[in-house]
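S.K.: Sequence plus predicted model, see below.
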Amino acid sequence: MMLSSPPKDSHHFHLSSFGFKQPQLSLLPTFVSQSCVQLISIVMEKVPDINDNPTIGGGVQDVYGEDRATEDQSVTPWIVSVASGYTLLRDPQFNKGLAFTEKERDAHYLRGLLPPTVICQETQVKKMIQNIRQYEVPLQKYMAMMDLQETNERLFYRLLIDHVEELLPIVYTPTVGEACQKYGSIFRRPQGLYISLKEKGKILEVLRNWPEKNVQVIVVTDGERILGLGDLGCQGMGIPVGKLSLYTALGGVRPSSCLPITIDVGTNNEKLLGEDLYIGLKHRRATGQEYAELIDEFMTAAKQIYGEKLLIQFEDFANHNAFDLLERYRSTHLVFNDDIQGTASVVLAGVVSALKLVGGNLGDHRFLFLGAGEAGTGIASLIALEISKRTNSPVDEVRKNIWLVDSKGLIVSSRKESLQQFKKPWAHEHEPVTELVDAVNQIKPTVLIGTSGQGKTFTQEVVEAMASNNEKPIILALSNPTTQSECTAEEAYTWTKGLAIFASGSPFPSVEYDGKVFVPGQANNAYVFPGFGLGLIMSGTIRVHDDLLLAASEALASQVTQEHYDKGLIYPPFTNIRKISANIAARVAAKAYELGLATRLPQPKNLVNFAESCMYTPTYRNYR
């Protein structure tokens, strides 16, 4: 609750205009502290009433001068705020809409502010999903969900949990990509913090403006590489907002402890720079020392305010910054890059699980990647680490069975001098190859993985080459959103005559081929990062170690059952995602305790039960 003084030129102050009367103080909501109630009482006793005599215009006397002020005269936006009555209905954290009981309506001054019917949360969920389904355009569904999140937080999360498979593509990929592209025109209310170059030197103050003080997870982007859509600048805020919604819905991390942040250093997107509705800085991106200093100030300030155990997740940074930031801060902060590490953990789980369908050991397989950026090299590195641990072989030796193709062709030793640092470990001895289909025919991979951000690059010729070299080719077209996927599920199954084991980054519908129904898997990062983050938080882990990523992969792969394999699935259904997240959190926490990285002591005896007990549930609370 805030109580600030009226302007100096005012002589009176009257709380009755805000709906408070002296006899009602004992009935204020229980989440208003006793000290706040006492403060209101003191103010009401000491401040005389305003003269409420009607003015000539028929209104109440304009004590504070807002109506008399001209546009160039300043007024002070002072307010008394108590979550009751009209204010309560507009507080998304506490609002329950028509689910307020008769008793609560009396106690919290809601009579007349709501229709007389009382309905339960379950009925509200049924009503809302029917409303969402009436929209035919995915972006309209996205906006309806965001409106709900801003008006009734618990109903939003209850709806998302109960209909996760249907709504996940709406609140996150692929629809969030379109939302980011149009963020300037659909922007309504701020859902996170915007830190721009204008705030350089005062980021600590900006972070203190955020109302929640017990923040445990920050998802931050600079908007330079949003999904496969490129530089969207300040409009990339949709990504941190969407990710943190999933942290809560899928991983049970409390919404009040999640903070989305966009760092705005400009944009190189010419279309946005010339657009009136663009909401960010209208100049080209800052780079070099200016960029590094802003990021460093942010990282230092975040740790200073929220502590050593704050998880900072980097999201959708361009390659040249993503690797550098992860390397720079991994030894001083609890940092995690979902594009590099989260994607790797999910894909490794899918590959390990696919072994049950294709046979052999992980070390027996040969991998070919289209795309050698954050996702591609991150996945390749984690696969190499897992094979190294399983076979007790040096990582350098293991890498020889993992090949990458970038925009210039196969990464080979003759190109080493011109390669970026993160690509150099993947430069093997081989003659130059420029076309993907030639690389497939010469390398003969058993697993083809697309992380290029370029749609339609797994052509019919490429997919048929995979099928001719393998009885059951593993084809993972991971680029997001759907339009950027290297191939569709239908193409993969049709071109391989139903032999492919397929998974994509964004969801595809089931495919019927030759009388058989194929259910494509989705290698969605949402399988891992919510549970991974919960595991770090509940164990008080202070640094992210690669072994924690391997633990998350193993936990996810272990939850694929024979029933799932019979359908050709290499990932479990999202309907069980909270249970999946609890198991991942438990496995990650166990590894953190084993490595001495956890600070919550003593270690809970049953980590799965402990994870489930830590998870936020969006059931309505009863108000006294």
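M.R.: Here it is on my side, so go on.

S.K.: Tell me where the chain is predicted with low confidence.
M.R.: 1-71, 75-82 (pLDDT under 70).

S.K.: Please repeat the previous calculation with a cut-off of 50.
M.R.: 1-58 (pLDDT under 50).

S.K.: Regarding it, what is its longest strand?
M.R.: Scanning the chain for the longest strand, with DSSP state E as the assignment, gives strand 258-264.

S.K.: Okay, now the sheet partners of that strand, with direction.
M.R.: strand 193-196 (parallel), strand 217-221 (parallel) (DSSP bridges).

S.K.: So what touches the longest one?
M.R.: Under the contact criterion CB atoms under 8 Å, 6 or more residues apart in numbering, strand 217-221 has outside partners 236-237, 239-240, 243-244, 247, 253, 257-263, 298, 302, 306, 310-317, 533, 537. No exception for glycine: its C-beta is placed from N, CA and C like everyone else's.

S.K.: switch the cut-off to 7 Å
M.R.: 236, 239-240, 243-244, 247, 253, 257-263, 302, 310-317, 533 (CB atoms under 7 Å, 6 or more residues apart in numbering).

S.K.: CSV for the strands paired with strand 258-264, including mean neighbour count?
M.R.: As requested, the strands paired with strand 258-264 are exported to CSV (neighbours: other CB atoms under 10 Å):
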stretch, mean neighbour count
strand 193-196, 20
strand 217-221, 27
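
S.K.: got a list of contacts for the longest strand of the chain?
M.R.: With CB under 7 Å, 6+ apart, strand 258-264 has contacts from 191-196, 210, 215, 217-223, 233-234, 236-237, 240-241, 244, 247-248, 280-281, 294-295, 298.

S.K.: One more: stretch 489-509?
M.R.: By CB under 7 Å, 6+ apart, stretch 489-509 touches 169, 173-174, 350, 354, 357-358, 460, 463-464, 466-467, 471-482, 485, 488, 511, 513-514, 516, 518, 520-524, 568, 570-571.

S.K.: Assess the claim that residue 335 and residue 328 are in contact.
M.R.: No: Residue 335 lies out of contact with residue 328 (CB atoms under 7 Å); the separation is 9.0 Å.

S.K.: Compare those two and say which is more crowded by neighbours.
M.R.: The neighbour count for residue 335 versus residue 328, taken as other CB atoms under 10 Å, is higher for residue 335 (23 against 16).

S.K.: list the contacts for the spatially most central residue of the chain?
M.R.: Central residue of the chain (CA atoms, centre = their mean): residue 243, 0.7 Å from the mean position. Residue 243 makes contacts with 219, 315, as judged by CB under 7 Å, 6+ apart.

S.K.: how much space between it and residue 311?
M.R.: 12 Å (CB to CB, to the nearest Å).

S.K.: mind listing what's buried in stretch 178-189?
M.R.: 178, 179, 180, 181, 182, 183, 184, 186 (16 or more other CB atoms under 10 Å).

S.K.: out of those residues, which one sits closest to residue 424?
M.R.: Taking CB to CB as the measure, residue 424 lies nearest residue 180 of those, at 32.3 Å.

S.K.: roughly how far is the strand or helix carrying the closest one from the heart of the chain?
M.R.: Secondary-structure assignment from DSSP states H and E places residue 180 in helix 175-181. How far helix 175-181 lies from its chain's middle: 13 Å, per CA atoms, centre = their mean, to the nearest Å.

S.K.: Likewise for stretch 517-534?
M.R.: 13 Å.

S.K.: and that stretch, how far apart are its ends?
M.R.: End-to-end distance of stretch 517-534 (CA to CA, to the nearest Å): 36 Å.

S.K.: Of all the residues in it, which ones are buried?
M.R.: In stretch 517-534, counting by 16+ other CB under 10 Å, buried: 518-534.

S.K.: So which of those are in helices?
M.R.: Among the buried residues of stretch 517-534, the residues falling in helices (DSSP state H) are 529, 530, 531, 532, 533, 534.

S.K.: Would you reformat these as CSV and include distance to residue 149?
M.R.: Shown next, in CSV, are those (distance: CB to CB, whole Å):
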residue, distance to residue 149
529, 19
530, 17
531, 22
532, 23
533, 19
534, 20
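
S.K.: Taking strand 217-221 as reference, get the angle to the one helix or strand residue 242 maps to.
M.R.: According to DSSP H and E, residue 242 maps onto helix 238-251. Relative orientation of helix 238-251 and strand 217-221, computed by axes from the mean of the first three to the mean of the last three CA atoms, to 10 degrees: 150 degrees.

S.K.: can I have helix 238-251 written out in CSV, keeping just the CAs?
M.R.: Only the C-alpha atoms of helix 238-251 are listed here, as CSV (Å, rounded to 0.1, in the frame of the first residue of the first chain):
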residue,chain,number,x,y,z
GLY,A,238,7.1,-11.0,-26.2
ILE,A,239,9.8,-13.7,-25.8
PRO,A,240,10.7,-13.1,-22.1
VAL,A,241,7.0,-12.6,-21.3
GLY,A,242,6.1,-15.9,-23.0
LYS,A,243,9.0,-17.8,-21.5
LEU,A,244,8.2,-16.7,-18.0
SER,A,245,4.5,-17.6,-18.4
LEU,A,246,5.8,-21.2,-19.1
TYR,A,247,8.1,-21.1,-16.1
THR,A,248,5.0,-20.7,-14.0
ALA,A,249,2.5,-22.8,-15.9
LEU,A,250,4.8,-25.7,-16.7
GLY,A,251,7.5,-25.5,-14.0
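
S.K.: Going forward, the N-terminal residue is numbered 56.
M.R.: OK, 56 is where the count begins now, so the last one is helix 293-306.

S.K.: How far away from the center of its chain is that helix?
M.R.: For helix 293-306, the distance to the chain centre is 4 Å (CA atoms, centre = their mean).

S.K.: There's contact between residue 499 and residue 524 in this structure, I believe.
M.R.: Yes: with contact defined as CB under 7 Å, residue 499 reaches residue 524; the gap is 4.9 Å.

S.K.: which residues in the stretch 256-405 of the chain form strands?
M.R.: Shown for the stretch 256-405 of the chain, the strands assigned by DSSP state E, counting those that start in this stretch span residues 272-276, 313-319, 366-369, 389-392.

S.K.: Oh, that last question was meant for the chain, not what I typed.
M.R.: 248-251, 272-276, 313-319, 366-369, 389-392, 422-425, 457-461, 464-465, 502-505, 529-532, 556-559, 566-568, 571-573, 576-577.
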